[in-house]
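> model the following, please.
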Amino acid sequence: MTTKTRLAEIEKRLSPQEVVLAHLDEAMQRYRSVDAWATAVVKGKAEVPINAVADAAGQAAARAMRGQARRAIADAEADAARQAAFLLQLLVDMWADCLSQVETCRLEARLCISQMQVLLLRPPAIDGGDEAAHGCAVQRLRGLIETTIARAHVAQGVIEAIRQGYFAGRPILLADDSRAVEEAVHVAEALVREFNGILPLLCEGAPDVGEDDGHQIDPDAVRREVAPDVHREAVFLARIAQAEAIKLIGEDDGYSLACAAYRDRFAEGAEAPRLGRE
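Model (predicted):
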C-alpha cells in the first residue's frame with residue numbers, strides 16, 4: 001500500500017486535527033526538517049499539504065454525516081476543511097517564525113562568544129585605562145546575552161503553547177528542527193553561566209561594573225519575564241493562521257482577520273481562535 005493510499009484510508013475516520021497530525025506523522029518519517037519537506041513539495045515529490053489536509057478533512061466530515069440533509073453535510077464539510085487548513089497554516093507560520101528565531105539565537109551566540117573573548121583578552125589597561133568604555137562593553141555583552149536567552153525561551157515556549165493548545169500535546173517539530181530548538185536553549189543557558197562565571201574577571205579595573213546580583217544574569221528571571229511574550233506571540237500566530245487559512249480556501253474575510261491580528265498583536269487580552277470557525 002502506498003503512502004497516499006494508507007493516509008487516505010486513515011483519514012476516513014479522523015477529525016480535522018487528526019488528519020493534520022496524520023500528515024505530520026508521515027512527514028516526520030520521511031523528512032528530517034521542514035526545509036527538506038518544503039523542498040520536496042517544490043520539486044513535486046510531495047503533495048501540497050494544505051490542499052491535501054483540507055480536502056481529506058472535508059471528505060471525512062461528509063462521510064461521517066452520510067444520510068443527513070445536504071446543507072448540513074456541506075456545512076460540516078466546509079467547517080472541517082477550514083479547521084484543517086487553519087491547523088496546518090498554524091504549523092507553517094509557527095515553523096517559519098520560531099525556527100527563524102532559533103537561527104538568530106545561533107548567530108547571536110557566536111557574537112556573544114567573540115565579545116567575551118575580546119573583553120577577556122583586552123582589559124581596560126590595554127585600552128589606555130578606559131574603564132568607562134570597558135564597563136559599557138560588559139553591559140552591552142550582558143544585554144546581548146539576555147536578548148539571546150529570552151529569544152530562545154520565547155521560541156521554545158511558543159512551540160510548546162501551540163503544541164498543547166492545538167495539537168493535543170503531540171510532537172510538532174521534525175527531528176532536526178527539534179534538535180535545533182533544544183540546542184538554542186542549551187547554548188543560551190551556557191552563555192549565561194559563562195558570563196556569570198567570568199564576570200569577576202571582566203570587572204577587574206572597571207569599578208562601574210559590579211559583581212552583585214544586579215549585574216549577573218538570572219536565567220529564571222528571564223524565563224518569567226518572557227512568559228507574557230510567549231502567550232502574546234502564540235495568540236498572534238494563531239490569529240494570523242486563521243486569517244491565512246480562510247483566505248486560502250477562498251473566503252472573503254481573511255484580510256480583515258489579518259488586519260485585526262496585527263492591530264491587536266501587543267494588546268492585552270487578545271484571544272486565540274478556537275478550533276472551528278468563530
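> any idea how far whichever strand or helix holds A56 is from the chain center?
Remark: A56 resides in helix 49-64, with elements defined by DSSP states H and E. How far helix 49-64 lies from its chain's middle: 26 Å, per Cα atoms, centre = their mean, to the nearest Å.
> then stretch 166-176?
11 Å.
> figure out the length between the terminal residues of it.
Taking Cα to Cα, to the nearest Å, the first and last residues of stretch 166-176 lie 22 Å apart.
> in the stretch 101-250 of the chain, which spans are helices?
Assigned by DSSP state H, counting those that start in this stretch, the helices in the stretch 101-250 of the chain fall at 131-166, 175-203, 219-225, 227-248.
> how about the last one: buried residues?
Residues of helix 227-248 classed as buried under the neighbour-count rule (16 or more other Cβ atoms under 10 Å) are 229-230, 232-248. Backbone N, C-alpha and C define where each C-beta goes, glycine included.
> just checking, D97 touches A234?
No. With contact defined as Cβ atoms under 8 Å, D97 does not reach A234; the gap is 10.0 Å.
> list the residues that contact both of the two?
Shared between the contact lists of D97 and A234 (criterion: Cβ atoms under 8 Å, 6 or more residues apart in numbering) are residues V158.
> still on that earlier bit, what's the closest of the helices of the stretch 101-250 of the chain to R66?
helix 227-248 (25.8 Å; Cβ to Cβ).
> tell me the SS of L14?
With DSSP: H, G, I helix; E, B strand; the rest coil as the basis, L14 sits in coil.
> measure how buried F195 is and give me the count.
For F195, the count of nearby residues is 22 (other Cβ atoms under 10 Å).
> my read is that it contacts R140, right?
No. The pair F195 / R140 is not scored as a contact, 11.9 Å apart, by Cβ under 8 Å.
> ok, back up a step: and the helices of the stretch 101-250 of the chain: which comes nearest A69?
helix 227-248 (24.5 Å).
> just the C-alpha atoms of the closest one, please, in PDB.
What follows is helix 227-248, C-alpha atoms only, in PDB (Å, rounded to 0.1, in the frame of the first residue of the first chain):
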ATOM      1  CA  ALA A 227       6.000  34.500  29.700                       C
ATOM      2  CA  PRO A 228       3.700  37.300  28.500                       C
ATOM      3  CA  ASP A 229       5.700  37.400  25.300                       C
ATOM      4  CA  VAL A 230       5.200  33.700  24.800                       C
ATOM      5  CA  HIS A 231       1.400  34.000  25.200                       C
ATOM      6  CA  ARG A 232       1.100  37.100  23.000                       C
ATOM      7  CA  GLU A 233       3.200  35.600  20.200                       C
ATOM      8  CA  ALA A 234       1.200  32.300  20.300                       C
ATOM      9  CA  VAL A 235      -2.100  34.100  20.100                       C
ATOM     10  CA  PHE A 236      -0.800  36.300  17.200                       C
ATOM     11  CA  LEU A 237       0.400  33.300  15.200                       C
ATOM     12  CA  ALA A 238      -2.900  31.500  15.700                       C
ATOM     13  CA  ARG A 239      -4.900  34.500  14.600                       C
ATOM     14  CA  ILE A 240      -2.700  35.100  11.500                       C
ATOM     15  CA  ALA A 241      -3.000  31.400  10.600                       C
ATOM     16  CA  GLN A 242      -6.800  31.600  10.900                       C
ATOM     17  CA  ALA A 243      -6.800  34.600   8.500                       C
ATOM     18  CA  GLU A 244      -4.500  33.000   6.000                       C
ATOM     19  CA  ALA A 245      -6.300  29.700   6.000                       C
ATOM     20  CA  ILE A 246      -9.700  31.400   5.400                       C
ATOM     21  CA  LYS A 247      -8.200  33.300   2.500                       C
ATOM     22  CA  LEU A 248      -6.600  30.200   1.000                       C
END
